[in-house]
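Student: sequence first, then the predicted structure:
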Amino acid sequence: MQFTRFLRNERVGVEEMASHAAARTALRVAGREIIVVQDNSELIIGGRRAKANGYGPVGKGGGTRGLLLHAALALDAENGALLGLVDAQVWNRDKGKVTARRSRAIADKESQYWLSTATKAGETLSAAQSITVISDRESDIYEHFVRRPPIMRSAGLCGVVGW
C-alpha cells in the first residue's frame, strides 16, 4: 500500500525518478570507459478497460494497449558491471494518427528519444573517460550521429551507435 501511495503522489514522476537514478550513476563512472545500452520496451496494460482508461496502442498493429519505455543503462566496458540507469522515458501513444514521418521535424517524432538519450548520456556521464552508446538499427538516424556529445567515440561496429 505504501508503494502505491508513493507512485500516486503527484510529486513523484518518471522524470524525477530517472533523474535521481542518473545522478547516482554519474558518481560511479569517473575515469571509466562506459558502454550505454539503450532500447525500447512495451509496457502492456491488459484488459478491456485499457483503452477506456486512456492507454494508447502498442505492439504490431496496435491491438494491445499500454505505455512505451525507452531506457538506457551504463555498463563498465572493462568488466561489464552494471553501473546504473542513465535515462528513462515513458510515454503514451494517445494522439491518434500522425502525419507522414517525412513531413515532421525530428523533434516531433517518436524517434527523438534516441537523440535525447545520447545527449543525456553525454551530460550525465561527463566524468567518464569515454562513452560508447549501443542501440539497435531503429536508431540509425542522421541527426543521431551529428549531435553526438564530444566525450563519445566511434565504436565502428554495425548496429552500434558509438561516439
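Tutor: Sure, I can see it.

Student: for the protein, what spans make up the strands?
Tutor: All strands of the chain, identified by DSSP state E, fall at 33-44, 56-58, 64-76, 82-91, 130-134.

Student: does His70 really touch Ala88, like I thought?
Tutor: Yes. Under the criterion of C-beta atoms under 8 Å, His70 makes contact with Ala88 at 7.2 Å. Where C-beta positions appear, they are placed from N, C-alpha and C, glycine not excepted.

Student: state the distance from the spatially closest residue to Leu69 that is not a sequence neighbour to Arg24.
Tutor: With sequence-adjacent residues excluded and distances taken as C-beta to C-beta, 6 or more residues apart in numbering, Leu69 is closest to Ser41, at 4.5 Å. Distance of Ser41 to Arg24, computed by C-beta to C-beta, to the nearest Å: 21 Å.

Student: could you do Ser116 as well?
Tutor: Ser116 sits at a distance of 20 Å from Arg24 (criterion: C-beta to C-beta).

Student: wait, Ala88 touches Ser19, no?
Tutor: No. In terms of C-beta under 8 Å, Ala88 does not count as a neighbour of Ser19; the distance is 9.4 Å.

Student: between those two, which one's more packed in?
Tutor: Of the pair Ala88 and Ser19, Ala88 is the one with more neighbours under other C-beta atoms under 10 Å, namely 21 against 16.

Student: near the closest residue to the more buried one other than its chain neighbours, how many other residues are there?
Tutor: Leaving aside its chain neighbours, Ala88 sits nearest to Ala18 (4.1 Å; criterion: C-beta to C-beta, 6+ apart). Residues lying near Ala18 (other C-beta under 10 Å) number 19.

Student: do the same with Ser41
Tutor: Neighbours of Ser41 under the rule other C-beta under 10 Å: 13.
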